[in-house]
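K.L.:
Any chance you could fold what I've pasted below:
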Amino acid sequence: MLSARGLLKEFLTAALAIIKTPLFLSNKLYSCVLKPIFDSLYFIPGTQLEQLEASQRFKKEYENSYGPLHLNIFNGTFNGACSAAQTELKPLLVYLESSEHDDAAVFNQKILCDSALIQLLNDKFIVWAASSSTFEGSKVSDKLHVAGFPFVGVYTFVHNRLNSLLKLERLYSLDLTLKKIRAAGKAAEASLFQIKKEREAQLATQRLKQEQDRAFFESLRIDQQKEQQKKREEEKSKVKEEELFRENNLLAQARTRNLIKLPEEPEQHTPGAIELRIHFPNGSSSSRRFNESDKILHVYHFAAGELIEDGKCLIKNFSLCSSFPKKTFEDKSQTLKEVGFTPRMSLYLINEDD
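P.N.:
Alright, predicted model coming up:
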């Protein structure tokens with residue numbers, strides 16, 4: 001007893017046969033109205049499973065009837081086989097059999113199981129096979145305009161167009177079948193070679209662009225890192241400069257206060273007065289009179305005050321020394337008389353930060 005799906009399929013098949021005759025409706029009405037309805041069977045539950053199993057069922061039925069088949073038949077739909085052929089750049093061989101033709105058994109027993117043919121097909125082709133009695137087999141038969149069985153067709157895809165290289169629509173001898181399939185395979189290689197070169201050129205262009213993009217973004221990343229590092233260093237330098245400025249400013253203020261607190265400068269020819277000249281590293285010099293009772297510390301305060309320019313200390317750490325005899329005055333608590341200063345004395349300021 002037929003299932004509801006089978007009854008629906010038989011009904012639509014019969015209706016299609018009637019409608020296609022010019023006695024009832026025009027071809028235009030058939031193609032625009034009823035054919036889409038028939039095609040919608042692909043989406044009726046059960047029929048999609050049937051089309052997916054068409055190639056699998058062929059191989060299973062073949063092996064049940066003739067024994068193991070070592071031919072690699074594409075496990076999927078016809079459209080899937082087409083996609084695989086395009087992706088792998090191989091020709092597509094389509095084999096359709098019909099149970100209504102006695103030649104199908106001869107082809108399956110004598111030709112399809114031939115080891116040379118199987119090796120050729122497994123190495124060079126994507127093979128899709130089905131019975132025309134299956135729904136998808138019937139659809140593919142109509143699509144390829146098959147006029148006879150057993151059918152062997154070889155196709156290539158050039159710029160997404162299906163090109164026919166071989167159509168065998170009846171039984172031929174094994175030698176002739178093998179010869180024709182080999183010739184079709186060579187013709188396919190010639191057409192697919194150009195596509196392969198174009199694809200390789202496209203891939204090379206894509207890889208080059210990707211490498212250029214990677215190089216650009218890597219360069220951009222390095223530049224950004226350098227810029228960030230530069231900003232961090234500038235910020236650190238700015239903070240350090242600000243700290244140094246504050247320190248220098250505090251030191252200048254302290255030295256200015258010390259300069260103000262210096263003992264009063266004695267008049268010239270005052271007994272015990274010492275005329276002191278200090279020479280600076282830049283070649284300039286400053287002079288002042290001190291009492292012999294003044295301390296070395298007062299001389300340092302005077303020299304430090306002379307090193308202030310525009311509110312900044314030109315030299316932070318320094319010492320004072322005489323040239324003859326050569327002596328550095330480090331004990332700032334001693335008086336000028338105690339260290340042996342003469343009425344006229346020259347000292348040299350040494351920058352200890354150099």
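K.L.:
Just the helices from the stretch 251-354 of the chain, written as ranges.
P.N.:
Counting by DSSP state H, counting those that start in this stretch, the segments of the stretch 251-354 of the chain that form helices are 296-306.
K.L.:
How about the contacts made by residue 199?
P.N.:
Contacts of residue 199 were listed using C-beta atoms under 8 Å, 6 or more residues apart in numbering, and they are residue 89. In this view, the C-beta of every residue, glycine as well, is placed from N, C-alpha and C.
K.L.:
Off-centre distance for the helix or strand hosting it?
P.N.:
Under the criterion DSSP states H and E, the helix or strand holding residue 199 is helix 174-260. Helix 174-260 sits 10 Å away from the centroid of its parent chain (C-alpha atoms, centre = their mean, to the nearest Å).
K.L.:
Over to stretch 336-350?
P.N.:
Offset of stretch 336-350 from its chain centre (C-alpha atoms, centre = their mean): 76 Å.
K.L.:
How far does it stretch from one end to the other?
P.N.:
Separation of the first and last residues of stretch 336-350 by C-alpha to C-alpha, to the nearest Å is 19 Å.
K.L.:
Now it: buried residues?
P.N.:
Buried residues in stretch 336-350, defined by neighbour count with 16 or more other C-beta atoms under 10 Å: 336, 339, 341, 345, 347, 348, 349.
K.L.:
same deal with stretch 122-140?
P.N.:
Neighbour counts using 16+ other C-beta under 10 Å place 124-132, 134-140 of stretch 122-140 among the buried residues.
K.L.:
And for stretch 255-265?
P.N.:
By 16+ other C-beta under 10 Å, the buried positions in stretch 255-265 come out as 255, 258, 259, 262.
K.L.:
same thing with stretch 233-249?
P.N.:
Burial within stretch 233-249, assessed by neighbour count using 16+ other C-beta under 10 Å, is assigned to residue 248.
K.L.:
Contacts for it, please.
P.N.:
Defining contact as C-beta under 8 Å, 6+ apart, one finds that stretch 233-249 is touched by 311, 312, 313, 316.
K.L.:
Please list all residues in contact with the first one.
P.N.:
For residue 311, the contact set (C-beta under 8 Å, 6+ apart) comprises 249, 252.
K.L.:
In this structure, which residue is most central in space?
P.N.:
By C-alpha atoms, centre = their mean, the chain has its centre lying nearest to residue 214, at 6.1 Å.
K.L.:
give me the number of residues near residue 221?
P.N.:
A total of 10 residues lie near residue 221 under the criterion other C-beta atoms under 10 Å.
K.L.:
quick revisit: now the helix holding residue 199 against helix 296-306, angle please.
P.N.:
Angle of helix 174-260 versus helix 296-306, following axes from the mean of the first three to the mean of the last three C-alpha atoms, to 10 degrees, is 120 degrees.
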